[in-house]
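> Structure, please.
(one chain, ligands or ions: 1)
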Amino acid sequence: MSLLARIREDIQTAYRHDPAAINTIEILLAYPGLHAIWLQRIAYWLHHRGVPVIPRLIFHLGRFLTGIEIHPGATIGRRLFIDHGMGTVIGETSQIGDDVLLYQGVTLGGTGKERGKRHPTLGNNVIVGVGAQILGAITIGEGTKVGAGAVVLKDVPPHCTVVGVPGRVVAYRNPDNGRMERLPDPEAEMLRCLQQKLFELEDRITTLEMRGRG
Ligand SMILES: CC(C)(COP(=O)(O)OP(=O)(O)OC[C@H]1O[C@@H](n2cnc3c(N)ncnc32)[C@H](O)[C@@H]1OP(=O)(O)O)[C@@H](O)C(=O)NCCC(=O)NCCS
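All right, here's what the predicted structure looks like:
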């Protein structure tokens, strides 16, 4: 695919994801997410040809201009869109599939305990909400949505919604019919049981108190 065709595809991606996008010149000049991706493509090309220092300098320039850090070693699929982008960090061994959407403040980071492959792998069509942190060499399955502010430390299967700290799967979308199924939340269920028990105990205390008075 030619460079021009790739840029055209990126612009179409911005139109698709950002309802505020109305002008191609504006997208070309004022979308930091696109600028960060374009600079990373150059840095990636040089990095994988063994060019020293320059990829890191391009990375540094990209961070300075956009507030987004994408390591030159990260592998990024087609039509990635980073909306707003400020504070987003994509680590060296991250792998991102096609048609992924990231918001600002997302980290695809390491846990600090691993070497080698230590950053996440995102499947195609993954959405990662604002401020979500995905840490370690884990896999987020195709079509999964990571809720804003989630901290995800374990693999997540495809077509799920994962939210909270630590991230837990709360819903699954059947890709065959598009239907959402809410998954039981064991923690919420336990709290409901405890609350029920509390009501029962309160009832028994009231009964005993009334008997004592009588
Ligand atoms: C997770 C998200 C993608 C919604 O996915 P969804 O599959 O449509 O899920 P639902 O909205 O049906 O929510 C499922 C459950 O998760 C809860 N939930 C949704 N997002 C959540 C979040 N970020 N944190 C905690 N809980 C969340 C919902 O309250 C709901 O709980 P309930 O079943 O007890 O009512 C969306 O909430 C989100 O976080 N999007 C990110 C958007 C963003 O970052 N925008 C930035 C714009 S600048």
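
> After the helix or strand of the chain with the lowest mean pLDDT, which helix or strand is next?
The least trusted helix or strand in the chain, going by mean pLDDT, DSSP states H and E, turns out to be strand 180-182, with a mean of 83. Under the assignment DSSP states H and E, the closest C-terminal helix or strand after strand 180-182 is helix 186-213.

> hmm, that next one touching the ligand?
No: applying Cβ under 6 Å from any ligand atom, one finds helix 186-213 separated from the ligand by no less than 7.3 Å. Placement of C-beta: from N, CA and C, glycine included.

> Begin at 15, not 1, for the rest of this chat.
Sure, I'll start counting at 15 from here, so that last one is helix 200-227.

> Return the mean pLDDT over that helix, rounded to an integer.
Taken as a whole, helix 200-227 carries a mean pLDDT of 92.

> what packs against it?
Contact here means 3 or more Cβ pairs under 8 Å, 6 or more residues apart in numbering; DSSP states H and E; on that basis helix 200-227 packs against no helix or strand.

> buried stuff in it?
Neighbour counts over helix 200-227 (16 or more other Cβ atoms under 10 Å) mark no residue as buried.

> now that helix, how far from the centre of its chain.
With Cα atoms, centre = their mean, to the nearest Å as the basis, helix 200-227 stands 41 Å off its chain's centre.

> if I pick Leu42, what's in contact with it?
Leu42 sits next to Ile25, Leu48 when contact means Cβ atoms under 8 Å, 6 or more residues apart in numbering.

> Could you check how far it is from Pro134?
30 Å (Cβ to Cβ, to the nearest Å).

> so what does the least confident helix or strand of the chain touch, helix or strand wise?
By 3+ Cβ pairs under 8 Å, 6+ apart, strand 194-196 packs against strand 182-187.

> between the strand it packs on and helix 200-227, what angle do the directions make?
Interaxial angle, strand 182-187 versus helix 200-227 (axes from the mean of the first three to the mean of the last three Cα atoms, to 10 degrees): 120 degrees.

> The least confident helix or strand of the chain pairs with which strands, parallel or anti?
Paired neighbours of strand 194-196 in the sheet (DSSP bridges): strand 182-187 (antiparallel).

> Contacts for the strand it pairs with next, please.
Residues contacting strand 182-187 (Cβ under 8 Å, 6+ apart): 157, 170-171, 173-178, 193-197, 199, 201.

> Over to stretch 21-41?
In contact with stretch 21-41 (Cβ under 8 Å, 6+ apart) are residues 15, 42, 45, 47-48, 51-52, 92-95, 97, 115.

> Looking at neighbours, which among those is most surrounded?
Neighbour counts for the contacts of stretch 21-41 peak at Gly47, which has 27 neighbours (criterion: other Cβ atoms under 10 Å).

> do you know how far that one is from the ligand?
Counting by Cβ to the nearest ligand atom, to the nearest Å, the gap from Gly47 to the ligand is 12 Å.

> Helix, strand, or coil at that residue?
helix (DSSP: H, G, I helix; E, B strand; the rest coil).

> so it sits right up against Gly99, yeah?
Yes: counting by Cβ atoms under 8 Å, Gly47 touches Gly99, with 4.4 Å between them.

> what's the overlap in contacts for these two?
Thr80, Ile82, Leu116.

> sorry, back to before: where does the least confident helix or strand of the chain sit relative to the chain's centre, distance-wise?
That offset, for strand 194-196, works out to 20 Å (Cα atoms, centre = their mean).
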